[in-house]
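Enquirer: No sequence on hand, only this structure:
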């Protein structure tokens, strides 16, 4: 399943439209190229409908939203939905500001997302109206742990059922669920949190995986999460003593570039509940 | 000729004003610094006239255009033209959306560009009104090949004559032409297409080369293309087994940093027609 | 003092709000993570008050300012001041355009900055109304040298007294002063000027240092400057023969990631006047 999802991305090379923040946009473009897909960025309301029309998926990331780009998000999402494209939301900072929370909520209310991917604080803020998000990182008190795992799986499935989207909550333990099933993934390394944008990169990757695997979206979303986690592990193995987070960023994308199905299968720590 | 053009960039260190997309802007700045020139970025309409006035060249890249930055492009271009500065257009995604195509066409209609650099689909969209651009990458059916080479040389010269600009169509085979002559350049590597922004970087480099070599613009534009291609070849030689596209990006800019006239002459695959 | 300031950043992990340019924003985020703090970026006027409220410091960098982000700067600065947060200004390009000069001047007039950090041409433009800034780099004629050192120390102290801010003028010789004392720092390497954004990165770092050390702001600002300079020296030691400015960028951030108090003390070239 993992290998098959990856191979389809490489063979189909889907074009992914990204409305994403200017902090991590370059890494998002390079990781989409690394996996064998093709990125295009556009956030101007007058431009997004044409651009999304030639793509197979739309990745909306609200990380450095502004009034203009919010309009772009809505026009692009409406067009992508009309064309039955893959539609993914990364609600960066939901819970940390009213504008971010309300923008994410309005997008979810108005469009049927294929997937919503965020950290646990962002997803809790959207699902429960709580607002414990600390900046763009998850609050430690919210973390998915072995102790609260079954509760969090149930939460993730319920929110997936409510929104009709695949819900991916990523952190030390990743949960990827639809209404009926949930993958629990334990790949990755804690040092990935010392790099800006590994979550944004995963959202770009996931959009590519979903676009190339329309017949098995849950498996595709999980495969994207495993790919990013395994790349984090392989990238770390390739670190030298003086390397730090800036070089680690490069090595993770490099590992995505070289990823193949055999490697995914060998490293995957992925269970289905 | 190649060595001389490069040496003039290093000795004169021209200041290059860039109105460019937020995806690849950091790499554009670093490659301009690598070649020995100096970048400055500004797209706010109220800011661009002052900024471009202290520069020697203006690089306009429409990759993530918006209504505000389009105004900035016009005000900057008008001022740069008034001051007889080098003026370069990189029509990213022309043919892929109406806004991009019309923005590029209006800029070309209103200002006399020193050079226009893009991929073959973008240039065909502008020259012929065709619209086969696939996102920001060239359509394979449009590619310059040995089979259509003389036809494509003629096309490039004709569009150069029509616009009064040097026209650079870059891909596996690069064409750099004015109305009378065309350089055919076969440097570079296919893996450069797996990095975001090598085209944007080349546009920044080319603006610096043109600014430092006002007496031989065609040779300067060709020298920029050869420099980027040779850097791609040298960067590739410096890759280790686990390196991928993210590290390759760094190695190409590093190779520009170390480029000298001897190396350019040794590696250049450049013929004049 | 240096070691203590650094340890406090690592132990407190302050959240830093950045309104910064899109050229170097990714490196600013990664260097803030490297030092052990946490970055968040937001420039939309409707978003910045909420975001800055959950942070400990605000870093305002005017490098690619626009009319919208200028409004964001004012709303964020007002809120940060109301909450007694650390407030830092990086007046990129002040002196190079009327909009940049006036924006920086209005910010300084309206808010009490904890620190102002820029190159000597930017600071002279703001303090004296001169306008010799060449793009975003300092004019060579303005440089702080051993010959004009006592005069420049006096200038820096006077401007610190006038603004009530710590003033940091960085270049080959760095000056960090309040009204009464001035640190003279001689760390760093000239090759850092061949990378875009080392100044922007330092402003992000300095905001984190100031936020974590409210009881000794001058020492904290100086410690940030020493940290960046020493990272530049260590990063350079880790360069291979074919590495250039792109890899150097990574190695500097990597060196910040591994920085500890012992290393800072060993390498620091820092005197107090």
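Expert: Everything's here; your move. Bear in mind that the values here come from a model prediction, so they are computed numbers and not experimental data.
Enquirer: From chain C, how far out is residue A:25?
Expert: With distances taken as Cβ to the nearest Cβ, to the nearest Å, residue A:25 is found 8 Å from chain C. C-beta coordinates here come from the backbone N, C-alpha and C atoms, glycine included.
Enquirer: Quick check: that residue vs residue B:112, distance?
Expert: 32 Å (Cβ to Cβ, to the nearest Å).
Enquirer: With residue A:87 instead?
Expert: Per Cβ to Cβ, residue A:87 is found 43 Å from residue B:112.
Enquirer: So between these two, which is more surrounded?
Expert: Neighbour count, other Cβ atoms under 10 Å in any protein chain shown: between residue A:87 and residue B:112, residue A:87 has more, with 27 against 11.
Enquirer: Contacts only, for residue A:190.
Expert: By Cβ atoms under 8 Å, 6 or more residues apart in numbering or on different chains, the residues touching residue A:190 are residue A:172.
Enquirer: and if you look at residue A:86?
Expert: For residue A:86, the contact set (Cβ under 8 Å, 6+ apart) comprises A:56-58, A:80, A:114-115, A:207, A:210-211, A:214.
Enquirer: Would you mind giving both backbone torsions of it?
Expert: Note on residue A:86: its backbone torsions stand at phi -60, psi 140 [degrees, to the nearest 10].
Enquirer: roughly how far apart are it and chain C?
Expert: For residue A:86 relative to chain C (Cβ to the nearest Cβ), the value is 26 Å.
Enquirer: Can you report how many residues neighbour the closest residue to that residue other than its chain neighbours?
Expert: Of all residues not flanking residue A:86 in the chain, residue A:57 sits nearest, at 3.5 Å (Cβ to Cβ, 6 or more residues apart in numbering or on different chains). Using other Cβ under 10 Å, the number of residues around residue A:57 comes to 27.
Enquirer: ok, residue A:57 touching residue A:14?
Expert: Yes. When contacts are counted by Cβ atoms under 8 Å, residue A:57 is listed as touching residue A:14 (6.2 Å).
Enquirer: Overlap in contacts, these two.
Expert: Common neighbours of residue A:57 and residue A:14 (Cβ under 8 Å, 6+ apart) are A:208, A:211.
Enquirer: what stretches of the stretch 1-150 of chain A score poorly on pLDDT?
Expert: A:130-136 (pLDDT under 70).
Enquirer: redo that, cut-off 80
Expert: The stretch 1-150 of chain A contains residues with pLDDT under 80 at A:129-141.
Enquirer: Looking at it, what residue ends up closest to chain C?
Expert: Among the residues of the stretch 1-150 of chain A, residue A:97 lies closest to chain C, at 3.5 Å counting by Cβ to the nearest Cβ.
Enquirer: now chain A
Expert: Closest point on chain A to chain C, by Cβ to the nearest Cβ, is residue A:244, at 2.9 Å.
Enquirer: doesn't residue C:252 make contact with that residue?
Expert: No. Residue A:244 lies out of contact with residue C:252 (Cβ under 8 Å); the separation is 9.5 Å.
Enquirer: Just the buried residues of the contacts of residue A:86.
Expert: Buried members of these, scored by 16 or more other Cβ atoms under 10 Å in any protein chain shown, are A:56-58, A:80, A:114-115, A:207, A:210-211.
Enquirer: Quick check: the two most widely separated of those residues?
Expert: A:56 and A:115 (13.9 Å; Cβ to Cβ).
Enquirer: tell me the centre residue of chain A?
Expert: What sits nearest the mean C-alpha location of chain A, by Cα atoms, centre = their mean, is residue A:203, with 2.3 Å.
Enquirer: gap between the nearest residue to it once chain neighbours are set aside and residue A:235?
Expert: Excluding its sequence neighbours, the residue lying closest to residue A:203 (Cβ to Cβ, 6+ apart) is residue A:90, at 4.0 Å. Going from residue A:90 to residue A:235 by Cβ to Cβ gives 21 Å.
Enquirer: of those two, who's got more company?
Expert: Neighbour comparison, residue A:90 and residue A:235: the larger count goes to residue A:90, with 30 against 27 (by other Cβ under 10 Å).
Enquirer: Within range of chain B, give me the residues from the stretch 51-200 of chain A.
Expert: For the stretch 51-200 of chain A, the residues in contact with chain B (Cβ under 8 Å from any Cβ of the partner chain) are A:51, A:54-55, A:68.
Enquirer: Looking at those residues, spot the one nearest chain B.
Expert: Here the nearest of those to chain B, counting by Cβ to the nearest Cβ, is residue A:51; it sits at 5.3 Å.
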